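J.: mind looking at a prediction? Sequence and model below.
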Amino acid sequence: MKNNIIKKIPQNILNLLKEIGKAAEDFGCQAYAAGGFVRDLFLDTENLDIDILIEKNAAQFAKKLAKKLAKKKGWKVKTHKKFGTASLIFSDNFKIDITSARSESYKTPAALPEVKAGLLSEDIMRRDFTINTILINITPKNFGEITDIFSGVKDIKNRTVKALHDISFIDDPTRILRGIKFATRFNFTIDPHTQDLIKEAVNKNVFASLSGKRFFTELKYILKEKEPVLPLTKLFKYNIIQTIASDIASDKNAFFFLKQIKEVILWYKKDDYLKWALYFMGLINNCDKKASQDICRHFEIPHNERILFCDMRLEAKSLLKNIEKNKMEYKKISVFKTELILYMMASLKSPLKKEKLFKAYKKAKNTKVIINGNHLIKLGVKPGPIFSEITNKLFEAKIKEEISTKEDEIDYIKKYFLHNGH
């Protein structure tokens, strides 16, 4: 097993791990690759999100390691004393996180843990699921040795997500979301006892003690998954979404709409927008403005994203009524983000109308009025609301292909506005 796992590590990463391991030996401690990087080696899945666990002060070790690697690799170090962690950051933003072995305790359910230095076994015990507890030693004498206290390798082979202990979800309810995410990402099943622990935690209303911000952070990770619809379905199955935001619908129509969003995303193929935001709009599709604002406020969503979810989304929904009647409002959709256009497309049942909307959006985005306020003043137009009226009329004329050049715009203004005394 040891040799097979080492063969799966890319050579450049392997060399780097050996350097870090040698530095740890010189520092007087053992070092281990940990977390998702190790789990995914056993799953034959690429994951360069590398965590290193050491049995001494991570910040002090990271600083010494950075000095050693600086000339060759241009590393810089960022320390987080509060959490006993450090990050080594390369010039291309490749990052390795280094953590001191530590223990965690929770004063109350769902509280942030109190962290202190601990033993290797205590650090493994604080993790969420058995599949994430496997360690690979990277120090020279023991390079490649696997530590697997909780039989994580066996659970990976059995394709099972299993909690480490019975109060895991009471301590930290966000682990429930992570467990569902891992199970659906890897096509694993959640161990029956772990399922019972999830139900018990939800019945005890553990999420009531969890901040909306922490919940949304984990929900956002799920929305960023390659296939988020299935884990979202599981969140509804366990009554988690309803507990946090009762206004979010969980009926067949809601799930159908999420699938429509998925189809639009598969069709669009580009990455010039926030997929997670589109899925979130799908979740709150049936929420009115007040409900949307309440949800965003509870989740502590930033102001600019609240505008997208609460204001612009509802404006887009109102435009759909005219689009259904084949009335395209080019000027309004020209300021819409791609997320809103795809959201509108998912809402339209007719493939032909979806296509018309997207063509209209591209046309509107590519239509620019050349004349600005300074030009209008030079033409003798008095500043005021008339500026917007002129700009809107020019935009409409360009959409209709009645004008195209700057000279056309000036002639249009002279013909339709200047003779009226503006």
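T.: Sure thing, it's come through. Residues are numbered from 1 along each chain as shown.
J.: please make it C-alpha for all contacts and neighbour counts, starting now.
T.: Fine.
J.: and residue 137, what are its phi and psi?
T.: When read as degrees, to the nearest 10, the backbone of residue 137 gives phi -70, psi 130.
J.: go ahead and confirm it touches residue 143.
T.: Yes - the pair residue 137 / residue 143 is scored as a contact, 5.2 Å apart, by C-alpha atoms under 8 Å.
J.: these two: which is more packed in?
T.: Of the pair residue 137 and residue 143, residue 137 is the one with more neighbours under other C-alpha atoms under 10 Å, namely 23 against 18.
J.: and the more buried one, bridged to which residues?
T.: Note on residue 137: beta-bridge partners residue 32, judged by DSSP bridges.
J.: and it, what is it in contact with?
T.: Residues in contact with residue 137 (C-alpha atoms under 8 Å, 6 or more residues apart in numbering) are 30-33, 143-147.
J.: what do you get if the cut-off is 6 Å, keeping everything else the same?
T.: The neighbours of residue 137, taking C-alpha atoms under 6 Å, 6 or more residues apart in numbering as the test, are 31-32, 143-145.
J.: could those residues go into TSV alongside distance to residue 279?
T.: Output for the contacts of residue 137, formatted as TSV (distance: C-alpha to C-alpha, whole Å):
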residue	distance to residue 279
31	40
32	37
143	43
144	41
145	42
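J.: for the residues you listed, which one is nearest residue 236?
T.: Comparing the contacts of residue 137 against residue 236 with C-alpha to C-alpha picks out residue 32 as the nearest, at 37.3 Å.
J.: that closest one touches residue 53, doesn't it?
T.: Yes - assessed by C-alpha atoms under 6 Å, residue 32 is found in contact with residue 53 at 5.1 Å.
J.: neighbour count for those two, which is higher?
T.: Per other C-alpha under 10 Å, whichever of residue 32 and residue 53 has more neighbours is residue 32, with 30 against 25.
J.: quick one, what contacts that one?
T.: Applying C-alpha under 6 Å, 6+ apart, the residues near residue 32 are 52-53, 135-138.
J.: go with 7 Å
T.: Residue 32 is in contact with 52-54, 135-138, counting by C-alpha atoms under 7 Å, 6 or more residues apart in numbering.
J.: ok, the residues you listed vs residue 382, which is closest?
T.: Nearest member of the contacts of residue 32 to residue 382, counting by C-alpha to C-alpha, is residue 52, at 66.2 Å.
J.: can you show me the strands along the stretch 151-300 of the chain?
T.: 160-161, 189-190 (DSSP state E, counting those that start in this stretch).
J.: so for residue 343, which of those sits nearest?
T.: Closest approach to residue 343 among these is made by strand 189-190 (31.7 Å; C-alpha to C-alpha).
J.: neighbouring strands - and their directions - for the closest one?
T.: Take DSSP bridges as the rule and strand 189-190 pairs in its sheet with strand 160-161 (parallel).
J.: give me the distance from the partner strand to the chain's centre.
T.: Chain-centre distance of strand 160-161: 23 Å, with C-alpha atoms, centre = their mean, to the nearest Å.
J.: and what of stretch 11-18?
T.: Worked out by C-alpha atoms, centre = their mean, stretch 11-18 lies 29 Å from the chain centre.
J.: show me which positions of it end up buried.
T.: By 16 or more other C-alpha atoms under 10 Å, the buried positions in stretch 11-18 come out as 17-18.
J.: and the contacts of it?
T.: For stretch 11-18, the external contacting residues (C-alpha under 7 Å, 6+ apart) are 138-139.
J.: pLDDT on stretch 56-73, on average?
T.: Mean pLDDT, stretch 56-73: 78.
J.: actually stretch 346-354, sorry about that
T.: Averaging pLDDT along stretch 346-354 gives 94.
J.: what's the answer for stretch 139-148, then?
T.: Stretch 139-148 comes out at a mean pLDDT of 94.
J.: what is the end-to-end distance of that stretch?
T.: Stretch 139-148 has its terminal residues 17 Å apart, counting by C-alpha to C-alpha, to the nearest Å.
J.: just say which of the strands of the stretch 151-300 of the chain is most tucked in.
T.: Comparing the strands of the stretch 151-300 of the chain by mean neighbour count (mean count of other C-alpha atoms under 10 Å), strand 160-161 ranks first with a mean of 24.
J.: what residues does that strand touch?
T.: Counting by C-alpha under 7 Å, 6+ apart, 129, 131, 155, 179, 183, 188-191 sit against strand 160-161.
J.: show me how to select, in ChimeraX, the buried members of the residues you listed.
T.: Entered in ChimeraX, the line below selects the buried ones among those, by 16+ other C-alpha under 10 Å:
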select :129,131,155,179,183,188,189,190,191
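J.: export the contacts of strand 160-161 to JSON lines and append columns for pLDDT and distance to residue 165.
T.: Shown next, in JSON lines, are those (pLDDT from 0 to 100; distance: C-alpha to C-alpha, whole Å):
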{"residue": "129", "pLDDT": "97", "distance to residue 165": "9"}
{"residue": "131", "pLDDT": "97", "distance to residue 165": "13"}
{"residue": "155", "pLDDT": "97", "distance to residue 165": "15"}
{"residue": "179", "pLDDT": "97", "distance to residue 165": "13"}
{"residue": "183", "pLDDT": "97", "distance to residue 165": "18"}
{"residue": "188", "pLDDT": "97", "distance to residue 165": "19"}
{"residue": "189", "pLDDT": "97", "distance to residue 165": "18"}
{"residue": "190", "pLDDT": "97", "distance to residue 165": "14"}
{"residue": "191", "pLDDT": "96", "distance to residue 165": "12"}
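J.: quick check, nearest of the contacts of strand 160-161 to residue 269?
T.: Of these, the one sitting nearest to residue 269 (C-alpha to C-alpha) turns out to be residue 183, at 25.5 Å.
J.: do you know how far that closest one is from residue 344?
T.: As for residue 183, its distance to residue 344 is 31 Å (criterion: C-alpha to C-alpha).
J.: now swap in residue 398 and tell me
T.: In this view, residue 398 and residue 344 are 24 Å apart by C-alpha to C-alpha.
J.: between these two, tell me which one has more neighbours.
T.: Neighbour count, other C-alpha under 10 Å: between residue 398 and residue 344, residue 344 has more, with 22 against 19.
J.: give me every residue that touches the more buried one.
T.: Listed by C-alpha under 7 Å, 6+ apart, the contact set of residue 344 reads 316-317, 320.
J.: mind checking which of those are in strands?
T.: Using DSSP state E, the subset of those located in strands is empty.
J.: who wins on neighbours among those?
T.: Greatest neighbour count in those, by other C-alpha under 10 Å, goes to residue 320: 20 neighbours.
J.: contact partners for residue 94?
T.: Per C-alpha under 7 Å, 6+ apart, neighbours of residue 94: none.
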